[in-house]
Every structure is written in C-alpha cells, then in structure tokens.
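Enquirer: Fold the following and give me the result.
(one chain, ligands or ions: 2)
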Amino acid sequence: MKQGLVLTSRVPLLLGAAAALWLGALAGELTAAAADKPLKPLVLKLPEPTLRGTPEDLPAGPNIDPPPKEDPAPFMVPEGSKNVSEGKTVTSSVKPFTGELSQLTDGKKEAFDSDAIEMRSGSQWVQVDLGAEHALHVVVLWHDHRYIQITRDVILQVSNDPEFKTGVTTLYNNDFDDSSKQGAGKDKEYFETRWGRVVDAKGIKARYVRGYSKGTSLTALNCWQEIEVYGTPGQ
Ligand SMILES: [Ca+2]
Ligand SMILES: [Ca+2]
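Expert: Ligands and ions are numbered 1, 2, ... in the order given. So this is what the prediction gives:
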C-alpha cells in the first residue's frame, strides 16, 4: 500500500514536470519565432551631401567615429517596420529661435538653412510624441549636417512618461563627462553627415522619444534637422 501511494503521488508530479518541460519548449519556440521575424534593410530617404567639403583639421581621437567615406551598410529592421514619427507632435526644452518644432518630423533634412531648427546654448532637448506605444527598432538623428561638425552630448532616451521622470531607457549617450546631467555615457562622438546617426532601439516599447544636445564643435548653439523613428505600430 505504501508503495502504491508513493506511485500515485508521483504520477501527477511526473506528468506535471513533463507538461512544464513541453510548455517551456513551446514558449522557447514562440520566443525564437518572434525574434526570427524576417528582417529587411531600412531604406532611408537621405538628404543630399553638403557642398562645403571636408575640413582638413577635423577633431580626432579614440572616442570619435571618423566620418564615413561611403554609404554605410543599411540597418536591418523587422518586416512591417515603418516611420512612426512622421508628422508627430514635437515639444522642446526651449523655444527655437529659428524654425518651427514641427520641422523635426516633416521629413525634410537637407543642408539648407530653411531646414534647420536652432535653439539657444546649454543642454537642450526635443521630444517626439509617437501618439501611442510602439515597438521601436531604430531612431535616426540629423542634427546639422550643413557643416562637418560634432554635436556634443548626444543623448537619446525613450519612455512612456512624457516628463521622462520614470521608466526612462537611454539608447545613446556620448556625454562622457556628464555635463548634461543625464549620467555619463560611453557611446562615441561622430560627425554630422547626410547619413545621420542610426541608433539601435532593440525593439523597446515606448511612446516618447527625447533627444538632448549641447552645442557642437563649431558653436554653442543647438540645431536639429530631423528625427525619424522606425517601429512596428501597435506592438
Ligand atoms: Ca526636418
Ligand atoms: Ca559633455
């Protein structure tokens, strides 16, 4: 009897363990399937190159990416990704003295003065409200490629909090000395070019995208031409 009792109590346990293993394997397969969603190259509508040429004495150093000499390989994004920031509402830390905030998401990013949104000096931010939470794959930044220059303290954050007080994820930060007070970052500085800066958002879900800057290697002023956010709507 004693043995029988042990057996009857073990059978459901064993079945439970097998079911758990099977469910676990299934969940693993499902996760892998989601991660294996077919990828496609991200096709960006790039602006024309600036005609001003490349200065000879560019800043250089181990923490500065040299300007690309040719088109970088396209970033791969999941099928179904689209520009979820186009025409979306923009706010900022200070009112621009040149241009309108709506120009940040108007699709225009040529090296023209008329495509520049300029703001006063200091660490300033612009913020795009995507209107709803999306799975975000890539954010592309164009600050000011009218000149070959390095924008300082480039910090890119996403959140579902419009005030960025809670649930903030930093996707990019090259403020190595923390002078913009968002925490020190280890990402590289880079030169403004027509290719912009492509930042991997890794599928994070968020509604708001905020970009900081703090002047450039040429000026204390802040400038933006465009932010493009590519995501999977409603996921
Ligand atoms: Ca624009
Ligand atoms: Ca800094």
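Enquirer: which stretch of helix or strand covers the residue nearest the centre of the chain?
Expert: The centroid of the chain falls nearest to Val139 when counting by C-alpha atoms, centre = their mean (3.4 Å). Using DSSP states H and E, Val139 falls within strand 124-142.
Enquirer: Show me what counts as buried in that strand.
Expert: By neighbour count on 16 or more other C-beta atoms under 10 Å, the buried set for strand 124-142 is 124-128, 130, 133-142. Where you see a C-beta, it was placed from the backbone N, CA and C, and this is true even at glycine.
Enquirer: quick check, that strand touching ligand 1?
Expert: No - Strand 124-142 is not in contact with ligand 1 by C-beta under 5 Å from the ion; minimum separation 7.6 Å.
Enquirer: which among the buried residues of strand 124-142 gets closest to Val199?
Expert: Val139 (4.7 Å; C-beta to C-beta).
Enquirer: right, and Thr193 touches Lys69 too?
Expert: No - using C-beta atoms under 8 Å, Thr193 makes no contact with Lys69, being 10.3 Å away.
Enquirer: Between these two, which has more neighbouring residues?
Expert: Legend: neighbour count by other C-beta atoms under 10 Å for Thr193 and Lys69, higher for Thr193 (20 against 7).
Enquirer: Give the helix, strand or coil label for the more buried one.
Expert: Three-state call for Thr193 (DSSP: H, G, I helix; E, B strand; the rest coil): coil.
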